[in-house]
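1. Here is my input; please provide its structure:
(one chain, ligands or ions: 1)
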Amino acid sequence: MNTRRGLVLAVLLVTLAVAGGLASAGDRGVGGSTTAAADKGVTAVNAAAVAPAGERPGGCSVIDRRMDLYAVELPKDPVTNQIRLGYGLTPQTASYPGPLIEMIEGQCLAITLHNQVPQATLEQLRLDPNHPIGVSLHTHGVKYTQMSDGTVHSNSFVPPGGSRTYIWYAQPRNTNTGAQGTAGYWWYHDHVVGGPHGTPGIRSGLFGGLVVRRQGDPRPDRTYVLAFGDRQTINLRRSSEADTCDEQNPVPGPTCVVAKLGEKVEFLVIGIGDDMHTFHVHGHSWADTRTGVIEGTGALANSIPIIDNKTVGPGDTFGARVIAGESVGPGHWMLHCHMQFHSDLGMSTTFHVLDENGAMTAHAGHAPANPVQAAPAGGGQDAPAHGNHG
Ligand SMILES: [Cu+2]
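-> Residues are numbered from 1 along each chain as shown. Predicted structure coming up:
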């Protein structure tokens, strides 16, 4: 009888939560009442369905922007057969990494996360059978309250089939209060799938890049999010799987890093998993600053190092800004971890720089299809393979 009563209560609470969410579609952003979350008797799953009202970080008085984010199950990894999950702006466009989220300091963003990952899949990913089932959205760098932390501890996660609104505030710098601001390169990720740290969630693909710009920051033409992870992976893929560019019509994406000559390209590099890595790209270098660019020519600007290799540890993020092919021309530029045994094991991909017409020039970056077997006789150019990433 208790079970039955509990079930009825649960259904009522979920109904209330949905109604509350709809009713608060104004500027409040977070829907629902705080009743369920405050009631200690409510199960974690039911409480998680309710995003309490008024849960905004200090300074975030109005929601400037809203977006939906879907967590879905993707086809299994073609190589390892692991479960793959992804975030997407629509369920159909979910990927790993998830979509780049861009904010400007001062902005208050409400993101409604819809958990469409099947319950059975989430159960399969559990490290502990008593761990709650759900997906969350946890972020770095920007401001959020406990209710947008995306953890089990704060019941700020989403059960299968549910939705929840998270609020992020890109707090601006304030010289009066000493607030440093939030501009920088960050990442967001699940913190609940499989365990209290979301380790199986991240490992499955539930992560993405977040960049917060300051008003007036130089803007890139393209941004690529590259997560350096365990098992010597870039974006959870190794070697040839990390580079799926169609040479005729390369479509930018998590496995196709491509730009036209002269384009300003921004790499947002994330360290995930348990290993240290180094991010290195051939033929290009960047300023080791907050934006990857040096502004001004004073003594301070002159003291900034220009680098082409940077260490990234677990949870670290940074941005690197390059001008595609600047001074070096189009080609298939290697991009890899410089821990040698990592690159040897496949932690390598390619930055394809096309000419000004969007084509790969005939002379650029050609390499023997297999450097071991196809040693050039007489110094001639071999087949136009774009290998170089194994
Ligand atoms: Cu590495």
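2. Buried residues of whichever strand or helix holds residue 70, list them for me.
-> Applying DSSP states H and E as the criterion places residue 70 in strand 65-74. Neighbour counts over strand 65-74 (16 or more other C-beta atoms under 10 Å) mark 69, 70, 71, 72, 73, 74 as buried. For every residue, glycine as well, the C-beta is placed using N, CA and C.
3. My read is that the last one contacts residue 96, right?
-> Yes. Counting by C-beta atoms under 8 Å, residue 74 sits close enough to residue 96 to count as a contact (7.1 Å).
4. Need the overlap of contacts for those two.
-> The contact sets of residue 74 and residue 96 overlap at 84, 85, 86, 205 (C-beta atoms under 8 Å, 6 or more residues apart in numbering).
5. which two of the residues you listed lie the greatest distance from each other?
-> Farthest pair in these (C-beta to C-beta) is 84 and 86. Separation: 6.7 Å.
6. Can you pick out the residue with more neighbours from these two?
-> Neighbour totals were compared for residue 84 and residue 86, and residue 86 leads with 24 against 21 (other C-beta atoms under 10 Å).
7. continuing past the strand or helix carrying that one, what's the next helix or strand?
-> Element membership for residue 86, per DSSP H and E: strand 84-88. Toward the C-terminus, strand 84-88 is succeeded by strand 101-104 as the next helix or strand (DSSP H and E).
8. So which other helices or strands are in contact with that next one?
-> Helices and strands touching strand 101-104, by 3 or more C-beta pairs under 8 Å, 6 or more residues apart in numbering; DSSP states H and E, are strand 108-115, strand 207-213.
9. Flag every buried residue along it.
-> 101, 103, 104.
10. that older thread, nearest to the ion, of the helices and strands packed on strand 101-104?
-> With C-beta to the ion, the closest approach to the ion among the helices and strands packed on strand 101-104 belongs to strand 207-213: 16.9 Å.
11. what's the residue positioned nearest the centre of the chain in contact with, if anything?
-> For the chain, the residue nearest the mean C-alpha position is residue 208 (1.1 Å; C-alpha atoms, centre = their mean). The contact partners of residue 208, taken as C-beta under 8 Å, 6+ apart, are 87, 97, 98, 99, 100, 101, 187, 188, 189, 225.
12. picking up where we left off before, to residue 269, which of the helices and strands packed on strand 101-104 lies closest?
-> Across the helices and strands packed on strand 101-104, residue 269 has its closest neighbour in strand 207-213 (8.9 Å, C-beta to C-beta).
13. angle of that closest one against strand 65-74?
-> Calculated by axes from the mean of the first three to the mean of the last three C-alpha atoms, to 10 degrees, strand 207-213 forms an angle of 160 degrees with strand 65-74.
14. Which strands border strand 207-213, and is each parallel or antiparallel?
-> Applying DSSP bridges, strand 207-213 is found paired with strand 101-104 (parallel), strand 184-189 (antiparallel).
15. Off-centre distance for the last one?
-> Relative to the chain's own centre, strand 184-189 is displaced by 7 Å; criterion: C-alpha atoms, centre = their mean, to the nearest Å.
16. cool, and the first one?
-> Going by C-alpha atoms, centre = their mean, the spacing between the C-alpha centre of strand 101-104 and its chain's C-alpha centre is 12 Å.
17. Residues contacting it, please?
-> Identification of contacts with strand 101-104 by C-beta under 8 Å, 6+ apart yields 67, 109, 111, 142, 168, 170, 188, 208-215, 223.
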